[in-house]
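[1] Here's my sequence, what's the structure:
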Amino acid sequence: MGFFDFFTGKKKEELKESLDKGLEKTKDTFFDRLTKAIVGKSEIDDDVLDELEEILIGADVGTPTTIKIIKQIQDRVKLEKYSSTSELDKILREEVAKLLDTQNSKISHHFRDLPSKPFVIMVVGVNGVGKTTTIGKLASQYHAYGHKVVLGAADTFRAAAVEQLKLWGSRSGVPVIEHGMNTDPASVAFDAIKTAVDQNADVVIIDTAGRLHNKVNLMNELNKIKRVMQKVIPDAPQEVLLVLDGSTGQNALKQAEEFSRVTEVTALAITKLDGTAKGGVVIGISDQLNIPVKYIGVGEKIDDLQIFDRHEFVESLFKRS
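    All right, here's what the predicted structure looks like:
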């Protein structure tokens with residue numbers, strides 16, 4: 001069952017409309033180039049596949065994933081005797097869906113279903129990717145589902161991050177544990193976890209500093225935060241969520257690789273897809289890093305941070321205007 005299947009009527013249509021609109025730039029650029037590539041051609045030949053390869057790389061799917069997709073299409077054309085360019089959309093859609101299925105079958109719960117209580121999420125990512133905004137939207141959505149949420153402002157190196165998180169907490173009625181700027185991030189995380197346990201909260205979301213300039217310090221800091229949280233909850237955090245800016249394309253992939261080296265990332269949130277034609281990065285990152293995409297950001301509203309429904313994503317991406 002996909003995430004959208006939990007909704008009916010107007011709400012489901014609003015989510016689909018938001019997703020369609022958020023992927024417009026990627027979709028329009030992709031299909032414009034694909035249409036030009038096959039105009040006047042009737043068969044899926046080497047020239048068409050070469051053009052398709054360039055288009056996929058241009059959409060920031062990434063070279064390794066693009067090569068994998070092209071190889072699968074070549075094999076299917078040969079085995080299943082596909083030949084018409086009119087069938088290319090269908091084959092491409094199915095191959096992309098297959099790639100996303102492989103990773104996103106690992107996602108076991110949505111906002112309403114928590115595997116543990118309190119469910120602890122440590123959020124990582126460089127400055128400027130929308131990390132704190134993502135945390136605020138997550139808190140609002142968990143709260144809307146009836147969960148009691150606590151936020152920990154452990155990005156103590158940016159005054160704006162603490163204040164921004166407090167603002168989100170105020171908007172959604174969620175308490176924010178903070179010690180101010182230039183304080184020990186691990187002590188903030190400890191107090192947030194302790195508060196959640198004492199108040200019988202359902203979800204704890206911990207913000208962390210977004211610095212990559214010194215990987216050793218970052219690794220030490222994240223490990224310390226984990227160790228301190230585990231004094232209260234031995235298996236915390238249950239999720240390490242990496243937030244990436246989808247509009248940066250392959251730079252987002254590089255950031256994901258860097259963070260994966262310093263901590264065990266279990267899920268991804270890819271933001272700002274509504275402002276870019278590089279939405280293909282969702283496919284490449286999930287495939288190349290073997291990490292599932294859990295959330296995508298397709299607009300400014302709270303509901304525009306959506307649980308990543310791979311089936312709806314593929315349907316929207318391949319829906320011609």
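
[2] Could you pull out the strands in this protein for me?
    For the chain, applying DSSP state E gives strands covering 119-124, 149-153, 176-177, 203-207, 239-245, 267-271, 293-297, 305-307.

[3] what's in contact with the last one?
    The list of residues contacting strand 305-307 from outside it, by Cβ atoms under 8 Å, 6 or more residues apart in numbering, reads 3, 15, 18-19, 110-111, 134, 137-138, 141, 269, 271, 294-298. Quick note: C-beta positions are derived from backbone N, CA and C, even for glycine.

[4] Mind jotting down where the helices sit in the stretch 101-250 of the chain?
    131-144, 159-172, 185-198, 215-229, 250-262 (DSSP state H, counting those that start in this stretch).

[5] helices or strands next to the first one in the packing?
    Secondary-structure packing of helix 131-144 (3 or more Cβ pairs under 8 Å, 6 or more residues apart in numbering; DSSP states H and E): strand 119-124, strand 149-153, helix 159-172, strand 203-207, strand 267-271, strand 293-297, strand 305-307.

[6] Please report how far the residue positioned nearest the centre of the chain lies from Arg171.
    With distances taken as Cα atoms, centre = their mean, the chain has Ala269 as the residue nearest its mean C-alpha position (2.2 Å). As for Ala269, its distance to Arg171 is 19 Å (criterion: Cβ to Cβ, to the nearest Å).

[7] now Ile55
    Applying Cβ to Cβ, the value for Ile55 to Arg171 is 41 Å.

[8] The two: who's more crowded?
    Using other Cβ atoms under 10 Å, the more surrounded residue of Ile55 and Arg171 is Ile55, with 21 against 13.

[9] Hmm, Arg33 and the more buried one touching each other?
    Yes - shown here, Ile55 and Arg33 form a contact pair, counting by Cβ atoms under 8 Å, at 4.7 Å.

[10] and the helices of the stretch 101-250 of the chain as TSV, adding mean pLDDT?
    Listed next are the helices of the stretch 101-250 of the chain as TSV, based on pLDDT from 0 to 100:
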stretch	mean pLDDT
helix 131-144	94
helix 159-172	91
helix 185-198	97
helix 215-229	87
helix 250-262	86
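
[11] Looking at those helices, which one is packed in the most?
    helix 131-144 (a mean of 23; mean count of other Cβ atoms under 10 Å).

[12] contact partners of it?
    Here helix 131-144 has contacts from 111, 121, 123-125, 149, 151, 155, 161, 164-165, 167-169, 171-174, 202-203, 205, 207, 210, 243, 269, 271, 295, 297, 302-305, using Cβ under 8 Å, 6+ apart.

[13] picking up where we left off before, mind listing the residues bridging to the residue nearest to the centre of the chain?
    As for beta bridges, Ala269 partners with Val243, Tyr295 under DSSP bridges.

[14] quick one: pLDDT of it?
    pLDDT for Ala269: 95.

[15] Could you do Gln230 as well?
    The model's pLDDT for Gln230 equals 97.
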